[in-house]
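Trainee: Structure, please.
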Amino acid sequence: MSLLHVFGFGLKVGHSLWMLCCWVVSVVSMNWFIHGGIENTKTGFLGDGRKMWVECWERILGKSWKIHNFYYQSIGSKKVRIIWWRRVLALWLLFWVLASMWVFWYMNGQTTERRKEALASMCDERARMLQDQFNVSMNHVQAMSILISTFHHGKNPSAIDQRTFARYTERTAFERPLTSGVAYAVRVLRSEREQFEKQQGWTIKRMDELGHNPVQKDDYTPEALEPSPIQEEYAPVIFAQDTISHVVSVDVLSGKEDRENVLRARASGKGVLTAPFRLLKSNRLGVILTFAVYKRDLPSNATPEERIEATDGYLGGVFDIESLVEKLLQQLASKQTIFVNVYDTTNPSHPISMYGSNVSNDELEHVSSLNFGDPYRKHEMRCRFKQKSPWPWLAITTSVAIAVIASLVGQILYATVSRIVKVEEDYKEMMELKKKAEAADVAKSQFLATVSHEIRTPMNGVLGMLDMLIDTELDGTQQDYVRTAQGSGKTLVSLINEVLDQAKVESGKLELEEVSFDLRAVLDDVLSLFSGKSQEKGVELELAVYISDRVPKILVGDPVRFRQIISNLMGNSIKFTKAGHIFITVHLVEEMMDSIEVETVSSSKNTLSGYPVADRRRSWEGFRAFNQDGSPCSLKSSSSDLINLIVSVEDTGAGIPLEAQSRIFTPFMQVGPSISRTHGGTGIGLSISKYLVSRMNGEIGFVSVPEIGSTFTFTAVLRNGSSNSNEQQSQQMNGQSNSVSSELKGMTALLVDHRPTRAKVSRYHIQRIGIHVQAVSDLNEGISCIGSGNMVINMVLVEQEVWERDASTSTLFTSNLSKFDHGAPKLFLLAKHTSSSRMNTTIFGVYSPTVITKPLRASKVSADLQRALGIGNKGNPIPSLSLRNLLIGRKILIVDDNKVNLRVAAGALKKYGADVECAESGIKATNMLKPPHPFHACFMDIQMPGMDGFQATRIIREEEHRYNNSIHHDDNVSNWHVPILAMTADVIQATHEECLKCGMDGYVSKPFEAEQLYREVSRVVPFL
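Mentor: Okay, here's the model as predicted:
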């Protein structure tokens, strides 16, 4: 029992005894005073004394009761006591947490300071040693210049020739271990050149960048150099070490930077360093140290003119800086501790790295200056630790220990106070709360299941009436209220849609729309939706879509529900597939057995990614659309425009366990209890998909093999939305979208892919944009096809797997492409991810392939090809000349609340030569279009927050009408009318009649199409 508990118990006992004594005394005294008062009522003094005594006793009792109440409020009350102790505990913990943080900050700061001091010490030590070793080598070179001055220029005849110099420098090379070679160039005046060349037996040669790139003798031919041009003086090399003997007869003054270094060396009388350059033999960085050789000894205060006049020649030594630093680091035991980088900082804004390319994660850096004897060139050494600063475990453990100890002490104090609360009372309270929570959960589930359907019906009415109300005459406040209600209602509907869908499925009341839609565009959108998720899975997962050419382009059905089915199936595949592929195929049922090639589990040669897949034929077993033998049967409907589609979603994921396959379409049921925790989801997607398929007069089935993958297949009966049979036949022949670029149409592409299924998918997407495709299985066959000359190949598309399989063949293929004098095919690489092929495509120089990332979509492929070929504009059709003539120089306003749509629309109109301005709302558009204004036309989005396109158009027309009435007295002024074209992707809600009703002049769907845009613009061109 704690001290506080004992103290509280003592207070309770003492208070009880005190109250008992007070009660006894009060009873006795009150009886005495009452009886005494009756007998002595006439005695005034005693009567007054009794009154005073009673008042004092009442005060004592009052104080006692106040003490009693204070005790129970401050200490005895359980609720107040817990609140008070919680506050004390919070202050206690806050204080010690702040104290532990201060301790951590202080100890970590001390560790960081010691680390900085250690780095500075090691870096300064290395800088000092590097500087000393370089100075030693520099002194040897300077001593050699004195030797040449003494034995070559000081004696007649000279005691040194090329052979002697080469032998001497070779035998004394150990004194200059850091030099790659030494050479001496003599000063020759213009008047002495002819005599000098006769004496030497060779012609003074031009340097030709030799000073910056001293190559080896075998790689350089001095005879091929041109003679040095005529100039005032020359500095031909007459002596050179054997390692660089090929520089003999080369004029070092013929190079720009070498000339500057030589002139600076003779004028200063000191050693002069060049900028770092790459030594070709070792491919290491080095510098050239140049000393001037004088005819006589010069005083230290000699002028530059005196030094120039006394110059006889120039001695240069090549220093290997990287070897110098390497040898320095090998001498130190702690060489593995830090990274050393040496920089030439003569130009502070662009320092040149002389040594070191390692990147350290450590943020600490120390800079030590270096002095190599050349005051013109600045050098410095930068050092970093190789390893990132270790965790300050001592500071962490100390601060954490302080916080833990403080929290334990606080917990002990709090537990002592909390023990007053009885375990039985807590248990009863907990059980009551548990029962209430369970009852609330059951009530909530029942309420959601029962009332969610009832909410949907009135909400439809509410939203419908709000849509009608917003078109009536309302003031600004009313419009704001209506739009707020609209937004809230739509949010509520989106929250209950999924539950209502399941409720409608169970009640059989889910209705489907009948609208025209482009199936290929819908699946392209689905690929775009899931491409990001597939990228997160890694480069081993590939998404692909293939739609048979016999499937009409335009179908009539419910595109939203059709997309929902595909999205549910593909979403499940994405969740459980880490590598391989997810492949969507769409065919007509009657062509199924002839056009689809099915792979079994044991074979993986003819799959999209090479991974084995489940036999998809088993996924449609039992379908009514097929007979018992698996052959397709005819549609029961006699209508000729019904299209019976069969769609398969194939993946190479984990598969479905056999014990869970029987309940896969059961609502709210998942494969295992951990699936929802790991992958999320409610488990009703497949059940809703099954119902939607049944509503489309189709069937759904699946086949799954654990660790191999799953294939879901469903059929759907839709109607043909093509306007006529000729259009359908043309689509079946071409299988192309309407957005075929005129520049790409008719081109020929060579596709290299050894997997037939993947090649078939690539061919499908490329042919959609009007390109003829010739497929081969490997690069060698591709080389033969290009070299045969039977056809003109405009581009070559190679699958990444083929490209990376044999680097030598890829290099040969690239080199063959480079042999074309003109018109070489453009090379493209079909890759799953840009980063996976970027490294492999950068080594081929000019002919490196352009990467087209998957999944392939017609619009993206078209944009990538046009961008790489330098034609078109981001894959969109090039505007026709007539359309450009209509819009060039016209000022057009675009109104859209979506910034992305604004950018797309502005770009589409700017490419036709229009001057475009943008507005983000209808209100801003009405202000910009108040006449008079500079705009020739307006493209108005219909659905915008705040003020939609219809309402904005009405206000604009009212403003124009008011303005026209104000200037009606002037007959020479025409009526003001700006053409307004509706711009929306919703072709259902924004019909042509609605646009005309609110005062618009036309309708253009998004994305823009040149033909439709030309038709609408040409119709309103008289107004422009």
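Trainee: Show me what whichever strand or helix holds Met354 is packed against.
Mentor: Met354 is located in strand 352-355, with elements delineated by DSSP states H and E. In terms of contact count using 3 or more Cβ pairs under 8 Å, 6 or more residues apart in numbering; DSSP states H and E, strand 352-355 is assigned the packing partners strand 284-294, helix 321-330, strand 338-344. (Glycine included, C-beta is placed from N, CA and C.)
Trainee: Show me what counts as buried in the helix or strand following that strand.
Mentor: Following the chain from strand 352-355 toward its C-terminal end, the next helix or strand by DSSP H and E is strand 366-370. Of all the residues in strand 366-370, those buried under the rule 16 or more other Cβ atoms under 10 Å are His366, Ser368, Leu370.
Trainee: between strand 366-370 and strand 338-344, how many degrees?
Mentor: Orientation note: strand 366-370 sits at an angle of 40 degrees relative to strand 338-344 (axes from the mean of the first three to the mean of the last three Cα atoms, to 10 degrees).
Trainee: Can you pull out the residues in contact with strand 366-370?
Mentor: Residues from elsewhere that reach strand 366-370, judged by Cβ atoms under 8 Å, 6 or more residues apart in numbering: 116, 119-120, 123-124, 126-127, 130-131, 342, 378-383.
Trainee: That strand pairs with which strands, parallel or anti?
Mentor: When pairing is defined by DSSP bridges, strand 366-370 lines up against strand 379-385 (antiparallel).
Trainee: avg pLDDT for the partner strand?
Mentor: Along strand 379-385, the predicted confidence averages to a pLDDT of 89.
Trainee: Equivalent analysis for stretch 244-261, please.
Mentor: For stretch 244-261, mean pLDDT rounds to 83.
Trainee: Please save the CA atoms from it in CSV.
Mentor: Coordinates of the C-alpha atoms in stretch 244-261 are reproduced here as CSV (Å, rounded to 0.1, in the frame of the first residue of the first chain):
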residue,chain,number,x,y,z
ILE,A,244,56.7,11.0,-74.7
SER,A,245,59.4,11.2,-77.3
HIS,A,246,56.8,11.6,-80.1
VAL,A,247,56.5,15.3,-79.1
VAL,A,248,60.0,16.1,-80.4
SER,A,249,59.8,18.9,-83.1
VAL,A,250,56.3,20.0,-81.8
ASP,A,251,55.9,23.8,-81.2
VAL,A,252,54.3,24.2,-77.8
LEU,A,253,53.6,27.9,-78.6
SER,A,254,51.2,26.8,-81.3
GLY,A,255,48.6,25.7,-78.7
LYS,A,256,46.4,28.4,-77.2
GLU,A,257,46.3,27.4,-73.5
ASP,A,258,49.9,25.9,-73.7
ARG,A,259,51.1,29.2,-75.1
GLU,A,260,49.5,31.1,-72.2
ASN,A,261,51.1,28.8,-69.7
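Trainee: So which bits of it are buried?
Mentor: Neighbour-count burial for stretch 244-261 flags 244-255, 258-259, 261 (criterion: 16+ other Cβ under 10 Å).
Trainee: Also stretch 111-126?
Mentor: Neighbour-count burial for stretch 111-126, with 16+ other Cβ under 10 Å as criterion, is recorded at Thr111, Ala118, Leu119, Met122, Cys123, Arg126.
Trainee: which is the next helix or strand following the helix ranked longest in the chain?
Mentor: For the chain, the helix with the greatest residue count under DSSP state H is helix 78-148. Sequence-wise, the next helix or strand downstream of helix 78-148 (DSSP H and E) is helix 162-171.
Trainee: Residues contacting that next one, please?
Mentor: The list of residues contacting helix 162-171 from outside it, by Cβ under 8 Å, 6+ apart, reads Met144, Ile160, Gly181, Val182, Tyr184, Ile238, Phe239, Ala240, Gln241, Asp242, Ser245, Val248.
Trainee: Adding pLDDT, write the buried residues of strand 366-370 out as JSON lines.
Mentor: Listed next are these as JSON lines, based on pLDDT from 0 to 100:
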{"residue": "His366", "pLDDT": "90"}
{"residue": "Ser368", "pLDDT": "92"}
{"residue": "Leu370", "pLDDT": "89"}
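Trainee: Go through those and name the one nearest Ser349.
Mentor: Ranking those by separation from Ser349, with Cβ to Cβ as the measure, puts Leu370 on top at 18.9 Å.
Trainee: roughly how far apart are the closest one and Gly316?
Mentor: From Leu370 over to Gly316 the distance is 20 Å, taken as Cβ to Cβ, to the nearest Å.
Trainee: same question, Glu194
Mentor: For Glu194, the distance to Gly316 under the criterion Cβ to Cβ works out to 26 Å.
Trainee: Name the residue in the two with the higher neighbour count.
Mentor: Taking Glu194 and Gly316 together and counting by other Cβ atoms under 10 Å, Gly316 has the greater number of neighbours (31 against 9).
Trainee: what's the nearest residue to that one once chain neighbours are set aside in contact with, if anything?
Mentor: Setting aside the residues directly before and after it, Gly316 is nearest to Thr290 in space (Cβ to Cβ, 6 or more residues apart in numbering), at 4.7 Å. Residues in contact with Thr290, defined by Cβ under 8 Å, 6+ apart, are Asn261, Val262, Ala265, Gly271, Val272, Leu273, Thr274, Tyr314, Leu315, Gly316.
Trainee: Let's see that with 10 Å instead.
Mentor: Taking Cβ atoms under 10 Å, 6 or more residues apart in numbering, we find Thr290 in contact with 141, 145, 185, 252, 258, 261-266, 270-274, 314-317, 374.
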